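*Asks:* model the following, please.
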Amino acid sequence: MEQTHANRKLFQTVKSVAKRLGYPIQEEFRSGVSDANIIAEQAIPVLDGLGPIGAKDHSKDEYMIKASLLQRSILLACSIIELSFFKQ
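*Replies:* Next up is the predicted model:
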């Protein structure tokens, strides 16, 4: 997925919301594949990697930190609210 001005603007908005919530996030580049690529191909701003925190993806030892599910859900909801104000 290529970085675009729209993706960067979306990330900055979500990062700002995360900071206000006390959930700092940082930008990182991954060479993996996700469904976000399908969305990006349609020239729609999209972010990847904001799901629950965990490790050992796609293995029998894969895990998720339960508390991060609530934190990421709150971040998503607050980011949607923040972004909806920009459309008005």
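
*Asks:* for the rest of this, base every contact and every neighbour count on C-alpha atoms.
*Replies:* Will do.

*Asks:* against which helices or strands is the top helix by length along the chain packed?
*Replies:* With secondary structure taken from DSSP state H, the chain has its longest helix at helix 66-87. Of the remaining helices and strands, those touching helix 66-87 by 3 or more C-alpha pairs under 8 Å, 6 or more residues apart in numbering; DSSP states H and E are helix 5-21.

*Asks:* what's the distance between Glu27 and Glu82?
*Replies:* Between Glu27 and Glu82 the computed distance is 19 Å (C-alpha to C-alpha, to the nearest Å).

*Asks:* please apply the same query to Asp57.
*Replies:* Separation of Asp57 from Glu82 (C-alpha to C-alpha): 30 Å.

*Asks:* and Leu47, what does it touch?
*Replies:* By C-alpha atoms under 8 Å, 6 or more residues apart in numbering, Leu47 lies in contact with 7, 10-11, 36.

*Asks:* which among those count as buried?
*Replies:* Buried positions within those, assessed by neighbour count (16 or more other C-alpha atoms under 10 Å), are 7, 10-11.

*Asks:* what comes up buried for the lowest-mean-pLDDT helix or strand in the chain?
*Replies:* Taking mean pLDDT, DSSP states H and E as the measure, the helices and strands of the chain show their lowest mean at helix 36-40, namely a mean of 86. Buried residues in helix 36-40, counting neighbours by 16+ other C-alpha under 10 Å, are found at 37, 40.

*Asks:* what about that helix, distance to the chain center?
*Replies:* A distance of 13 Å separates the centroid of the chain from that of helix 36-40, by C-alpha atoms, centre = their mean, to the nearest Å.
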